[in-house]
Structures are given as structure tokens and as C-alpha cells.
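Chemist: what's the 3D shape of this:
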Amino acid sequence: MWCICREARKLAASVLLILPGILTLGCDRSPPVNPEVPTEKRILMLVEDVDDFSQSEKELGRIKPLFVLGSEPSKETLLRYMAYRYDGQRAVQSGDSATVAVIVKDAKTGNPVGEMQWSMVKINGVWKLKEAPLPAS
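Modeler: Residues are numbered from 1 along each chain as shown. The predicted structure is shown next:
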């Protein structure tokens, strides 16, 4: 009986050593956060990602994971993102929420068509888009 208890303690100790590593892997579909990147830069990087991914229909699907679950744009709205380019100007953070002034430009001409306010929230340490409105068409 003594051997079984000793083996069980070893197994329990091994599980306790491995478990924190497994839990940090998580199941979130977000990339890992680099703590050295300033918060404002992380927020503005979301706008850069939308700008990059909206340049080809093949990349459009990469925009959805940037949004909070439940607020992802529809396929039709995703296609509308292709008509514009996006330039994040200022990020204003308040706790786990932020807004960004985004200059929206016509993708073909590069002419500004308006300034939109995009809202973001931090979920499990990762910034996500809550709303990223487009100009009225």
C-alpha cells in the first residue's frame, strides 16, 4: 500500500507542475499578447489588421476573429470593408474599453470619406473590436 500512495503523490505532483502550462495555452483564437507593446499601439494594431485584411477577399475571413464573439460582421459587411482603407489616429482608453478615431479612405482613390469612432474592449488581456462602423453607403 505504501508504494501505491508514493506513486500517487508523484503523479499528483507531476500534474500540478504541468497543469499551469496547459491552462496558459487556452482555447482563445487570439494571438498571444506581447507585454512589451504599449497599450495604445496594441489598440491601433487592430485598425492596421483590419486595413491589411480588407485588401483581398481571400483575407477577409481574418477580420472576424478581431471582433468580440457575437459582434462579428456579416459576410455582406465584410465585403463592404474592401471598399475602404483605414488609418487609426487616436486611441482613448478607459479601463478595459477604448475608442479609436479612424480615418476611412476610399480604397481606389485614397481620398478620405469620413472619420469613424471604433470601440474596443479588452477580454482576457486581448483587445477586440466591439464596433467598427463603416461610412453610410
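Chemist: Strands of this protein, residue ranges please.
Modeler: Counting by DSSP state E, the chain has strands at residues 84-94, 97-106, 112-123, 126-131.
Chemist: Dump those to JSON lines, plus mean pLDDT and distance to Leu66.
Modeler: C-betas here are computed from N, CA, C, even on glycine. What follows is these, written out as JSON lines (pLDDT from 0 to 100; distance: least, C-beta to C-beta, whole Å):
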{"stretch": "strand 84-94", "mean pLDDT": "94", "distance to Leu66": "12"}
{"stretch": "strand 97-106", "mean pLDDT": "97", "distance to Leu66": "13"}
{"stretch": "strand 112-123", "mean pLDDT": "96", "distance to Leu66": "9"}
{"stretch": "strand 126-131", "mean pLDDT": "96", "distance to Leu66": "5"}
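Chemist: Distance to Phe53 added to the ones you listed, as a markdown table?
Modeler: Shown next, in a markdown table, are these (distance: least, C-beta to C-beta, whole Å):
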| stretch | distance to Phe53 |
| --- | --- |
| strand 84-94 | 10 |
| strand 97-106 | 15 |
| strand 112-123 | 15 |
| strand 126-131 | 12 |
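Chemist: Tell me which of those sits nearest to Arg42.
Modeler: Arg42 sits nearest to strand 126-131 of all the strands of the chain, at 5.4 Å, using C-beta to C-beta.
Chemist: Hey, what's the angle from the closest one to strand 112-123? Just curious.
Modeler: 130 degrees (axes from the mean of the first three to the mean of the last three C-alpha atoms, to 10 degrees).
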